[in-house]
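K.L.:
Kindly generate the corresponding structure for this input.
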Amino acid sequence: MSKHHQVLIIGGGTAGIMVAAQFLKKNKSIDIGLIEPADTHYYQPAWTLVGAGTFDYDKTAKPMAEVMPSGVDWIKDYATGFNPEQNSVSTKASGDITYDYLVTAPGLIMDTSLIEGLTESLGKGVVCSNYTDSKHTWEVLKNFKGGNAIFTQPTTPIKCGGAPQKIAYLAADYLRKQKLADKSNVIFATPGGVIFGVKPIADTLMKVIARYGIHFKTHYAPIKIDGENRKVTFKLVGPDVNECVINEENVIGEKVIGDVGDLTLEMDFDMLHLAPPQTAPKFIKESPLVNDAGWLDVDHHTLQHNKHPNIFGLGDVAALPTAKTGAAIRKQVPVVVDNLLGMIAANKIGTMSYNGYSSCPLVTGYGKMVLAEFDYKGNFTPDPKLKRLLISDSSKEHWRLWMLKKYALPYLYWQKMMKGEEV
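P.N.:
Numbering: from 1, shown residues only. So this is what the prediction gives:
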């Protein structure tokens, strides 16, 4: 293993593998090292479908050795810190590794300590998460016989921001198919104020919520999980917390337990699915490379670090005001590669610019999906290629979009994106 690389990449997830693969397609002579401790690479977007019993979990995983591009020096180790003045990265077992250029893409981590009781409850009984164990979610859903099925998310940024509501729609559809809808309350509780930030998509999703009779609760931030007694506590974080928020004749059994001005509510559950709070990894948060919020401080368009010009960052760890998705990474990678090639050739970044594109495939039931594509400004930006699939409006539910999600996207991921092809 070399202790110096022309380009050093941290992270063997979607972003790191794609950067390495696209680099080598353009210039095989570039010396690339990639730090990644994991043995397995996962296609995480399919975990929503696993949690609904309609995708094989084993097909979401491949050995890391299979996706690692040929020609990359795989440093099977943990990055632990940075010394950007010395152009070096420290590792757990391999010592310091120096670089000419650094690409930082380690993803993010689940921090269950940020919600009281979550560490003790998650993955046990009826408390589940597609983010950590989608097979367990399916077991919980299959065994659900009625009562409150609560779906929620934290106040932190999360990867695939639509995932917590997707499983709510699939669960609601599943309960209808199992003739359990009349015995069940499906509740989607979010700290946000809207179901989705892009209006054409939000309009469709509100119709989906109405179709299933989902109880949609805005400004609800989960703060405590009592898995043993099946109770979840929410803090009201909206602008009107003094208003009474319990409605629908309180069929879901909410109880006000906090004082006015610090309003908290308690709800019983028979199934609880949540996205755990998520943050940048510790070695990133404690480094000199982050902004005040603890995310990698890069330019929103060039993805070049704002203080260190030979460092670039992308993917979930980057401080970018857009959704943290694989689709966003797909558009970020060519920008990073182009800019780095420019730096290597002439110490000047390239001309490509990232416009904040991200995409959320929002599954709304078995056989139905809408596709939210948008940019930094929240504009709805559907891909013209969808016309080839005979999809005229991807903000509306369509079975062809479901087929895209279940079959086409996994194929494109493993056979194209992971092999350095731009799609």
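
K.L.:
what residue ranges in the chain score low on pLDDT?
P.N.:
For the chain, applying pLDDT under 70 flags the ranges 1, 240-248, 259-261.

K.L.:
what residue is smack in the middle of it?
P.N.:
For the chain, the residue sitting closest to the mean C-alpha position, by C-alpha atoms, centre = their mean, is residue 159 at 1.7 Å.

K.L.:
How many residues are close by residue 63?
P.N.:
Each residue near residue 63 was counted by other C-beta atoms under 10 Å, and the total is 11. (C-beta placed from N, C-alpha, C; glycine too.)

K.L.:
In contact with it, which residues?
P.N.:
39-41 (C-beta atoms under 8 Å, 6 or more residues apart in numbering).

K.L.:
C-alpha coordinates for the longest helix seen in the chain, CSV please?
P.N.:
Identified as the longest helix of the chain according to DSSP state H is helix 326-346. Provided in CSV are the C-alpha atoms of helix 326-346 (Å, rounded to 0.1, in the frame of the first residue of the first chain):
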residue,chain,number,x,y,z
GLY,A,326,-28.0,8.9,-4.9
ALA,A,327,-29.6,10.9,-7.8
ALA,A,328,-27.9,14.0,-6.5
ILE,A,329,-24.6,12.2,-6.4
ARG,A,330,-25.1,11.1,-10.0
LYS,A,331,-25.0,14.8,-11.0
GLN,A,332,-22.3,15.8,-8.6
VAL,A,333,-19.7,13.2,-9.6
PRO,A,334,-19.1,14.6,-13.2
VAL,A,335,-18.6,18.1,-11.7
VAL,A,336,-16.0,16.8,-9.2
VAL,A,337,-14.2,14.8,-11.9
ASP,A,338,-14.1,17.6,-14.4
ASN,A,339,-12.9,20.1,-11.8
LEU,A,340,-10.2,17.7,-10.5
LEU,A,341,-9.0,17.0,-14.1
GLY,A,342,-8.7,20.7,-14.6
MET,A,343,-6.7,21.1,-11.4
ILE,A,344,-4.3,18.3,-12.3
ALA,A,345,-3.8,19.6,-15.8
ALA,A,346,-3.6,23.3,-15.2
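
K.L.:
which helices and strands sit right next to it?
P.N.:
helix 14-26, strand 96-104, strand 311-313, strand 358-365 (3 or more C-beta pairs under 8 Å, 6 or more residues apart in numbering; DSSP states H and E).

K.L.:
Out of those, which is closest to residue 50?
P.N.:
Closest to residue 50 of the helices and strands packed on helix 326-346, according to C-beta to C-beta: strand 358-365, at 12.0 Å.

K.L.:
With just CA atoms, put that closest one into PDB.
P.N.:
What follows is strand 358-365, C-alpha atoms only, in PDB (Å, rounded to 0.1, in the frame of the first residue of the first chain):
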ATOM      1  CA  SER A 358     -31.700  15.900  -6.700                       C
ATOM      2  CA  SER A 359     -34.400  13.300  -7.200                       C
ATOM      3  CA  CYS A 360     -36.800  11.500  -4.800                       C
ATOM      4  CA  PRO A 361     -38.600   8.500  -6.300                       C
ATOM      5  CA  LEU A 362     -41.700   8.600  -4.100                       C
ATOM      6  CA  VAL A 363     -43.400   5.200  -4.000                       C
ATOM      7  CA  THR A 364     -47.100   5.900  -3.200                       C
ATOM      8  CA  GLY A 365     -48.400   2.300  -3.100                       C
END
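
K.L.:
ok, back up a step: how distant is the longest helix of the chain from the center of its chain?
P.N.:
In terms of C-alpha atoms, centre = their mean, to the nearest Å, the centre of helix 326-346 is found 21 Å from the chain centre.

K.L.:
what sits against the spatially closest residue to residue 159 that is not a sequence neighbour?
P.N.:
Counting by C-beta to C-beta, 6 or more residues apart in numbering, residue 159 lies nearest to residue 324, which is 4.4 Å off, once chain neighbours are set aside. Shown in contact with residue 324 (C-beta under 8 Å, 6+ apart): 108, 157-161, 315-316, 358.

K.L.:
on that earlier part again, quick one: the helices and strands packed on helix 326-346 as a markdown table, columns for mean neighbour count too.
P.N.:
Output for the helices and strands packed on helix 326-346, formatted as a markdown table (neighbours: other C-beta atoms under 10 Å):
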| stretch | mean neighbour count |
| --- | --- |
| helix 14-26 | 24 |
| strand 96-104 | 21 |
| strand 311-313 | 28 |
| strand 358-365 | 24 |
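
K.L.:
Let me see the contact set for the closest residue to residue 176 other than its chain neighbours.
P.N.:
Using C-beta to C-beta, 6+ apart and skipping residues adjacent in sequence, the residue nearest residue 176 is residue 212, 7.3 Å away. Contacts here follow C-beta under 8 Å, 6+ apart; on that basis residue 212 touches 169, 172-173, 176, 181, 186.

K.L.:
Repeat that for residue 41.
P.N.:
12-13, 17, 61-64, 66-67, 418.

K.L.:
Among those, name the ones in strands.
P.N.:
Mapping these onto strands (DSSP state E) picks out 61-63.

K.L.:
wait, residue 130 sits on residue 45?
P.N.:
No - when contacts are counted by C-beta atoms under 8 Å, residue 130 is not listed as touching residue 45 (10.3 Å).

K.L.:
More neighbours: which of these two?
P.N.:
Shown here are residue 130 and residue 45; by other C-beta under 10 Å, residue 130 has more neighbours (27 against 22).
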